[in-house]
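# Output the structure for:
(2 chains)
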Protein chains: 2
Amino acid sequence: MNKIITIAREFGSGGRELGQRIAEKLKIAYYDKEILTEIAKNTSLAVEYVQQVVENNPAINFPITVGGTLVHNYAAANNNISIYAEQCKVIKELAEKSSCVIVGRCADYILKDQKPFRIFVYSDIETKVARCLAKEDLGLSKRKLIKKIKNIDKQRKNYYNFYTSLEWGNKLNYDICINTSGKDISSVVDEIVSILE
Amino acid sequence: MNKIITIAREFGSGGRELGQRIAEKLKIAYYDKEILTEIAKNTSLAVEYVQQVVENNPAINFPITVGGTLVHNYAAANNNISIYAEQCKVIKELAEKSSCVIVGRCADYILKDQKPFRIFVYSDIETKVARCLAKEDLGLSKRKLIKKIKNIDKQRKNYYNFYTSLEWGNKLNYDICINTSGKDISSVVDEIVSILE
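Have a look, this model is predicted:
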């Protein structure tokens, strides 16, 4: 049976790096952005559009105002539903193909029948800021960077909560939650791999 | 340097059993009720009284009504403070003596300078109920048992939050959080030991 590991992660917690390294150590597939490309291919939508929907917009039927009248943006809503449906399909196909690590994209929920090993990775805000700064200088003040980090996590939470009706980050939705505060991801990898082997 | 592992756990999550088995596997000391006995010895209070204070009553200055007038129960408040102070002392002494696993008693917070490996163990309510029933028949209906489980966790939370000013069960206060829902504790032990070795 395929070994499926899903990783949900707070922004700046090092979850993506952890996922990549776990996949390398276990010599299994790693999926993250690849899922977006696959969805885009199957839906004939641009990767950037798919990414924007997947990462920012869980609202299926968000009312907008046209000429003073509230209307519902059904076209966008339909796209969102199609993209999520396609995401479910792609993720299930990947999980059937071989053992793998999948980062984000509600994979823990989408694959619940396959009983994946569900990891949630988190950090304190100081570590997240330091990790973001070490990666690339976004030209933001520390205050603005903190705001950005919190905002991305809020979007992830909204997206997950909307499509799964569960609570993103709630311990009960994961087999293990790992605190990477003040830690090098490389030091955490071996710990996790020893659990998974 | 001593290896210190602290375990905070929800009632019925199997955290105590996990702690005992980890200590056995690693061949290090295990402390739980022993701490209460030590506190009782040092404060000349009955073990039962110490246990009741440690497990149920974080309120330092809980007002009571005497003859229609609100008064403060300073004697009980002083006892509570003495017991917590003694608990800190005993836990620090034990951690200095040798490597060990300590279950509960705010040990993660009390020993923060020694940087213990801090584990939080939790379960869904169904597993907690099943685990409690398998251990002993308390003669309670399922509804009452659930109420009792939730009540004990609430007491633990109140106690921890009061003395540490942190939030019991908040992921950030632990290095790792382990979901034991639907799992045998024996199967979780090896996973954790592989991390700790």
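# what's the weakest-modelled helix or strand in chain A?
One helix or strand of chain A scores below all others by mean pLDDT, DSSP states H and E: strand A:63-66, with a mean of 56.
# Can you list the residue ranges for helices in chain A?
Assigned by DSSP state H, chain A shows helices spanning A:15-26, A:33-43, A:47-56, A:74-97, A:107-110, A:125-135, A:142-164, A:185-196.
# can you tell which of those is closest to chain B?
Closest to chain B of the helices of chain A is helix A:185-196 (CB to the nearest CB; 3.8 Å). For every residue, glycine as well, the C-beta is placed using N, CA and C.
# Give the other helices and strands that the closest one contacts.
helix A:15-26, strand A:176-179, helix B:185-196 (3 or more CB pairs under 8 Å, 6 or more residues apart in numbering or on different chains; DSSP states H and E).
# quick one: contacts of it?
The contact list for helix A:185-196, computed with CB atoms under 8 Å, 6 or more residues apart in numbering or on different chains, reads A:3, A:5, A:14, A:17-18, A:21-22, A:25-26, A:117, A:119, A:176, A:178, A:180, B:191, B:194-195.
# same check, this time on stretch A:112-122
Against stretch A:112-122 from outside (CB under 8 Å, 6+ apart): A:2-10, A:13-15, A:18, A:95, A:102, A:107-108, A:169, A:171, A:173-180, A:192, A:196, B:171-172.
# which among the residues you listed end up buried?
Among those, those classed as buried by 16 or more other CB atoms under 10 Å in any protein chain shown are A:4-10, A:13-15, A:18, A:95, A:102, A:107-108, A:169, A:171, A:173-180, A:192, A:196, B:171.
# Which residue comes closest to residue A:25 once chain neighbours are left out?
Distance criterion CB to CB, 6 or more residues apart in numbering or on different chains; nearest residue to residue A:25, sequence neighbours excluded, is residue A:193 at 4.8 Å.
# again but with residue A:83, I slipped
In space, and not counting its chain neighbours, residue A:83 is closest to residue A:53: 5.1 Å by CB to CB, 6+ apart.
# Tell me how many other residues crowd the one you found.
Per other CB atoms under 10 Å in any protein chain shown, the neighbour tally for residue A:53 reads 21.
# got it, and residue A:110?
Using other CB under 10 Å, residue A:110 is surrounded by 22 other residues.
# Which pLDDT does the model give it?
If you check residue A:110, the pLDDT there is 93.
# so residue A:124 makes contact with residue A:181?
Yes: contact criterion CB atoms under 8 Å: residue A:124 and residue A:181 qualify, at 4.3 Å.
# anything in contact with each of the two?
residue B:172.
# list the buried ones in stretch A:146-158?
Neighbour counts over stretch A:146-158 (16+ other CB under 10 Å) mark A:146, A:148, A:149, A:152, A:153, A:156, A:157 as buried.
# most tightly surrounded among the helices and strands packed on helix A:185-196?
Across these, averaging neighbours per residue (mean count of other CB atoms under 10 Å in any protein chain shown) puts strand A:176-179 on top, at a mean of 24.
# Please identify the pairing partners of that one and their relative orientation?
strand A:117-122 (parallel), strand B:176-179 (antiparallel) (DSSP bridges).
# Please convert the ones you listed to TSV, extending it with distance to residue A:85 and mean pLDDT.
Below are the strands paired with strand A:176-179 laid out as TSV (distance: least, CB to CB, whole Å; pLDDT from 0 to 100):
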stretch	distance to residue A:85	mean pLDDT
strand A:117-122	22	96
strand B:176-179	29	96
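# Which one of those lies nearest to residue B:33?
Nearest to residue B:33 among the strands paired with strand A:176-179 is strand B:176-179 (22.1 Å), distances taken as CB to CB.
# For the closest one, C-alpha coordinates in PDB please.
What follows is strand B:176-179, C-alpha atoms only, in PDB (Å, rounded to 0.1, in the frame of the first residue of the first chain):
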ATOM      1  CA  ILE B 176       5.300  18.000  19.500                       C
ATOM      2  CA  CYS B 177       1.600  17.100  19.900                       C
ATOM      3  CA  ILE B 178       0.500  13.600  19.400                       C
ATOM      4  CA  ASN B 179      -2.900  12.400  18.400                       C
END
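# That one: how far from the chain's middle?
15 Å (CA atoms, centre = their mean, to the nearest Å).
# do stretch A:8-19 as well
Chain-centre distance of stretch A:8-19: 9 Å, with CA atoms, centre = their mean.
# right, and residue A:47 touches residue A:36 too?
Yes: between residue A:47 and residue A:36 there is a contact at 5.6 Å, judged by CB under 8 Å.
# the more surrounded of the two?
residue A:36 (23 against 14).
# who are the neighbours in contact with the more buried one?
Shown in contact with residue A:36 (CB under 8 Å, 6+ apart): A:47, A:50, A:51, A:54.
# How much space separates the residue sitting nearest the centre point of chain A from chain B?
Centrality entry for chain A: nearest residue to the mean C-alpha point is residue A:104, 2.1 Å, by CA atoms, centre = their mean. Plainly put, residue A:104 is 18 Å away from chain B if you go by CB to the nearest CB, to the nearest Å.
# what sits against that residue?
Here residue A:104 is in contact with A:7, A:8, A:9, A:32, A:156 (CB under 8 Å, 6+ apart).
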